[in-house]
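Participant: Predicted model and sequence follow; I will ask about them next.
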Amino acid sequence: MALSVEKWVGFGSAMAGFGLLWSRMPEHVHEETRYIISSLAPMVMSYFNPYEQITISEYGEERFQRNKMFDAVSTYLTSTCLDGARKLKAELRHNSKDDPLPRIIMDEDQEVVDNFDGARMWWRLYPRSAKNLGRTVISYLPGDVDDEPRRYRLVFHKRHRQLVLDTYLPRVVDQWRELIAKNRQRTLFTNYVVDGKSNWSSVPFNPPAKFDMLAMDHAKKTEILNDLRSFREGKENHSKVGKAWKRGYLLHGPPGTGKSTMIGAMANFLDYDVYDLDLTSVKDNSELRKLFLDTTDKSIIVIEDIDAIEVELTTNRKDKKAANEDGNNGKHHVVVELSNNTEKSKVTLSGLLGFVDGLWSACGSERIFVFTTNHVDRLDPALTRRGRMDSHIELSYCRFEAFKMLAKTYLDITEHSQFDEIGRLLEETNTTPAEVAYNLMPFGKRDSEIDRLLDEIDGASADVANNLTRVKKRDADNCLAGLLETLKKAKLEYATPPMD
Ligand SMILES: Nc1ncnc2c1ncn2[C@@H]1O[C@H](COP(=O)(O)OP(=O)(O)OP(=O)(O)O)[C@@H](O)[C@H]1O
């Protein structure tokens, strides 16, 4: 008797359903009879059915964490078995400029066959079960079956069981790893709310910032780079001392001193993805947990302007007493007001800290947490204490050394007759690197003129090269003259006492 895979799966389900019905027989049927019949059905089914199956769900049993095996299978099937598929889906990636071809993937309810080492593997992608369809669903799984996530089902002959477990599935994972290493595109994730639930959305991320462009104290920069390098290579050191492989940085300093730029430089240096977490869109601690668990390894999780989030410390100074009375032992709770102000979120500071250095921080590895603030003094000490944030990095106003770095980056010069005066004024005013950089920015006219000259220079005429030097010098003179004006104005404002 030769039955197709689908028929066997159908037969199996029928037998299992039969077993379930028997197991739900009324009380008056003899207990022993019910037990025998309900346990017999699966045995009969497995005796006759030569096929076995493995289900790979998009989320783990607890629905907390994305199942990476699901991603591995998606990638593997897309790269290996699409030829036999009739229902496909096309997606154009966000970075379609770099990758102009649509990505073709398998559609839901499509079956494909993979031949591996003489064994046939049947794969099918089942859609997420729709909610509230008004139908009765009988399931052997605990939990809300209406909410069953998407899943792949692999069916194979039972004589290939060892091949599937020992060789085939590991190969699916290896191939997935190779492909993501090859096509790696750094990604920036941000959280958003749909139907009241938070999710991550992503865009390709190619921050232009590099550490050598960052205008800041040289020794401090070297220290940060060494710190990041030893973190990246520190897997064994962390496990030796029983520490989760993660690190927390607090970047603080006035607006425009390069905090966001530094995050971009960190992502470039480490080749990590960035998760930009907007706490005001997170409903409560359990949503925060889901978002954290959906982040991948080798990533930087950023909470920007943590002081500016509308937080209300329910156990701040005045409420601490009340909290102690209700048995909280003074634990801090940050309550984040949602933007519509009608609903109070229950994201607590202790919930947040649980991911930074509590139990949950051990889930996943190679993660960096970065908090940024313009007002370090306003932060709750629970957040800033040493050990919690491994490193506090202050980004500050632009002084002469930082200015020279910016002049090199923007104007390609290392000296100029105006440097001394600019240096003096920078010491006397609090000018941000952002303001200095703005004054050194090339303008459209200058760009096109230099581009034209650069094109012509291929002809290697000495005149063109001289012209290029002349135009660059003229632009440097103009930019530095503009910067001097700005600094002189700033000095006047700085020196003028505020009016009563
Ligand atoms: N230290 C720096 N080195 C080089 N460029 C800088 C530096 N600081 C600022 N800039 C320039 O200024 C722009 C704005 O800086 P950035 O957004 O990084 O500042 P920030 O400290 O994050 O500001 P905010 O607190 O307002 O978010 C950057 O795009 C960059 O061009």
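Facilitator: Alright, I've got the coordinates.
Participant: which residues touch the residue in the chain that the ligand sits nearest to?
Facilitator: The minimum distance from the chain to the ligand, using C-beta to the nearest ligand atom, falls at Gly258 (2.8 Å). The way it works is simple: take the backbone N, C-alpha and C, and place the C-beta from them, glycine included. Taking C-beta atoms under 8 Å, 6 or more residues apart in numbering, we find Gly258 in contact with 214-216, 395, 433-434.
Participant: Check it and give its pLDDT.
Facilitator: Predicted confidence (pLDDT) for Gly258: 94.
Participant: sorry, back to before: please indicate which of the contacts of Gly258 are buried?
Facilitator: If you count burial by 16 or more other C-beta atoms under 10 Å, the buried members of these come out as 214-216, 395, 433.
Participant: what ranges of the stretch 151-300 of the chain fall below the confidence cut-off?
Facilitator: Flagging of the stretch 151-300 of the chain using pLDDT under 70 yields an empty set of residue ranges.
Participant: Next step: the buried ones among the contacts of Gly258 restricted to helices.
Facilitator: When these are checked against helices (DSSP state H), the matches are Pro433.
Participant: okay, the buried ones among the contacts of Gly258 in CSV with distance to Ser198 next?
Facilitator: As requested, the buried ones among the contacts of Gly258 are arranged in CSV below (distance: C-beta to C-beta, whole Å):
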residue, distance to Ser198
Leu214, 32
Ala215, 36
Met216, 34
Leu395, 30
Pro433, 34
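Participant: List the buried residues of stretch 184-196.
Facilitator: Of the residues in stretch 184-196, those scored as buried under the neighbour-count criterion (16+ other C-beta under 10 Å) are 186-191.
Participant: what do you get for stretch 194-214?
Facilitator: 198-200, 205, 207, 209, 211, 213-214.
Participant: Now narrow the residues you listed to whatever sits close to the ligand.
Facilitator: The overlap between these and the neighbourhood of the ligand (criterion: C-beta under 6 Å from any ligand atom) consists of 213-214.
Participant: And the buried residues of stretch 194-214, which is closest to Gly482?
Facilitator: When those are compared for distance to Gly482 (C-beta to C-beta), Met213 wins out at 20.5 Å.
Participant: Distance of that closest one relative to Gly258?
Facilitator: Between Met213 and Gly258 the distance is 10 Å, computed by C-beta to C-beta, to the nearest Å.
Participant: Val44 now?
Facilitator: Applying C-beta to C-beta, one obtains 70 Å for the distance of Val44 from Gly258.
Participant: what do you get for Cys363?
Facilitator: 31 Å.
Participant: among the helices and strands of this protein, which one scores worst on average pLDDT?
Facilitator: Considering only helices and strands, the least confidently modelled element of the chain by mean pLDDT, DSSP states H and E is helix 320-325, at a mean of 42.
Participant: all strands for the stretch 251-400 of the chain, in order.
Facilitator: Here the stretch 251-400 of the chain has its strands, by DSSP state E, counting those that start in this stretch, at 273-276, 299-303, 311-313, 334-336, 367-373, 391-394.
Participant: Please identify the deepest-packed of those.
Facilitator: strand 367-373 (a mean of 24; mean count of other C-beta atoms under 10 Å).
Participant: Rounded mean pLDDT for it, please.
Facilitator: In this model, strand 367-373 has an average pLDDT of 92.
Participant: just to revisit the earlier point, name the nearest of the buried residues of stretch 184-196 relative to Ile301.
Facilitator: Comparing the buried residues of stretch 184-196 against Ile301 with C-beta to C-beta places Phe189 closest, at 9.2 Å.
Participant: Keep only those of the buried residues of stretch 184-196 that are in strands.
Facilitator: Among the buried residues of stretch 184-196, the subset assigned to strands under DSSP state E consists of 187-191.
Participant: and which of these is nearest to Ala85?
Facilitator: The closest of those, once distances to Ala85 are taken by C-beta to C-beta, is Thr187, at 26.7 Å.
Participant: Correct me if wrong: the closest one contacts Trp200.
Facilitator: No. Shown here, Thr187 and Trp200 do not form a contact pair, counting by C-beta atoms under 8 Å, at 9.5 Å.
Participant: residues from the stretch 151-300 of the chain in reach of the ligand?
Facilitator: For the stretch 151-300 of the chain, the residues in contact with the ligand (C-beta under 6 Å from any ligand atom) are 213-216, 255-261.
Participant: how about CSV for those residues, with distance to Phe371 added?
Facilitator: Rendered in CSV, the data for those read as follows (distance: C-beta to C-beta, whole Å):
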residue, distance to Phe371
Met213, 23
Leu214, 19
Ala215, 22
Met216, 18
Pro255, 16
Gly256, 18
Thr257, 15
Gly258, 15
Lys259, 10
Ser260, 13
Thr261, 16
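Participant: Please report phi then psi for the residue of the chain closest to the ligand.
Facilitator: phi 110, psi 20 (degrees, to the nearest 10).
Participant: quick one, longest helix in this structure?
Facilitator: Among the elements of type helix in the chain, defined by DSSP H, the one spanning the most residues is helix 462-495.
Participant: for it, which positions count as buried?
Facilitator: Using 16+ other C-beta under 10 Å as the test for burial, helix 462-495 gives 464, 467-468, 472, 475-476, 479-480, 483, 486-487, 490-491.
Participant: What mean pLDDT does that helix get?
Facilitator: Per-residue pLDDT values over helix 462-495 give a mean of 82.
Participant: ok, that helix near the ligand or not?
Facilitator: No. Shown here: helix 462-495 not in contact with the ligand (C-beta under 6 Å from any ligand atom), separated by at least 13.8 Å.
Participant: what helices or strands is that helix leaning on?
Facilitator: For helix 462-495, the helices and strands in contact under the criterion 3 or more C-beta pairs under 8 Å, 6 or more residues apart in numbering; DSSP states H and E are helix 400-411, helix 419-428, helix 433-439, helix 444-456.
Participant: Am I right that Leu214 is in contact with Thr261?
Facilitator: Yes. Using C-beta under 8 Å, Leu214 and Thr261 qualify as a contacting pair, with a distance of 6.3 Å.
Participant: Could you point out which of the residues of the stretch 151-300 of the chain next to the ligand is nearest to Glu91?
Facilitator: Nearest to Glu91 among those: Ser260, at 29.4 Å, using C-beta to C-beta.
Participant: Glu304 is in contact with that closest one, correct?
Facilitator: Yes. Proximity of Ser260 to Glu304 meets the contact threshold set by C-beta under 8 Å, at 7.3 Å.
Participant: For those two, list the residues in contact with both.
Facilitator: Contact criterion C-beta under 8 Å, 6+ apart; residues bridging Ser260 and Glu304 by contacting each: Thr372.
Participant: care to break this protein down by domain?
Facilitator: If you go by automatic domain parsing, the domain ranges for the chain are 1-49, 58-131+147-185, 188-394, 400-495.
Participant: So what sits opposite the residue sitting nearest the centre point of the chain in the bridge?
Facilitator: For the chain, the residue lying nearest the average C-alpha position, counting by C-alpha atoms, centre = their mean, turns out to be Tyr275 (3.5 Å). With beta bridges defined as DSSP bridges, Tyr275 has these partners: Phe189, Ile301.
Participant: Looks to me like Gly248 is in a strand.
Facilitator: Yes. If the criterion is DSSP: H, G, I helix; E, B strand; the rest coil, then Gly248 is within a strand.
Participant: give me the number of residues near it?
Facilitator: In terms of burial, Gly248 registers 21 neighbours under the definition other C-beta atoms under 10 Å.
Participant: contacting residues for it?
Facilitator: The neighbourhood of Gly248, defined by C-beta under 8 Å, 6+ apart, consists of 356-357, 368-371, 388-391.
Participant: Kind regards, and thank you for your time.
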